[in-house]
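Kindly generate the corresponding structure for this input.
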Amino acid sequence: VKLSVEGDTLVATGSASIEWARETKRLATLVPGISHYRDEQLVTISIPDLLERVNRTVVRFSSGSSMVEPQQRAALGAVVALLRDLDQAAFQSGQGVMRAILGSADETGPATLNIQLSKERAEAILAVLGGKELGGATTVITGILRPSKPFGSQGESGERIAILRASLAAANRGNEAARP
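Coordinates of the predicted model:
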């Protein structure tokens, strides 16, 4: 959280818990010289919570297909909002966000086809999320042939999925394109 004073207004930006934001709003005007409080640039969910929510994203595909189904598209709409909040919170805390979209295919069909299908699934998710310019994050597309348990814990044997992962990285403050 970053606090600043603009005239008689205390301004909060960054990321904070909902409890912190509520308590600060209640107490702000008790500070001598402060008559108002603004927090419209304050993200009221923690970065770890945002990361956890983004990292639970799993998109399912029909066999042999890289098309994102309508019900999956709707769920990804909420993920776009989470990613924007994560970008903003990370930037305001001096960090950046790295994203990976991991495509996967089941074991049916030749390995070369499955690798290509995995990559196409990751690219399809990237397109639905808004392309390579998702805020300040670096997006990595990875086509992965489905291992026996995809990416450690998600899914069951035979599933055709793509998983979104986000993590924090040092921000490149010299690159204004990295700003959300």
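
how would you label residue 89: helix, strand or coil?
Under DSSP: H, G, I helix; E, B strand; the rest coil, the three-state class of residue 89 is helix.

And whichever strand or helix holds residue 101, what does it pack against?
Assigned by DSSP states H and E, residue 101 falls within strand 95-103. The contact analysis (3 or more Cβ pairs under 8 Å, 6 or more residues apart in numbering; DSSP states H and E) places strand 95-103 against helix 70-92, helix 111-128, strand 138-143, strand 161-170. Where you see a C-beta, it was placed from the backbone N, CA and C, and this is true even at glycine.

go with 10 Å
When contacts are defined as 3 or more Cβ pairs under 10 Å, 6 or more residues apart in numbering; DSSP states H and E, strand 95-103 packs onto helix 47-55, strand 58-60, helix 70-92, helix 111-128, strand 138-143, strand 161-170.

mind checking how far the shortest one is from the chain centre?
In this case it means strand 58-60. How far strand 58-60 lies from its chain's middle: 15 Å, per Cα atoms, centre = their mean, to the nearest Å.

Mean pLDDT lowest where, among the helices and strands packed on strand 95-103?
Per-stretch mean pLDDT for these is lowest at strand 138-143 (a mean of 66).
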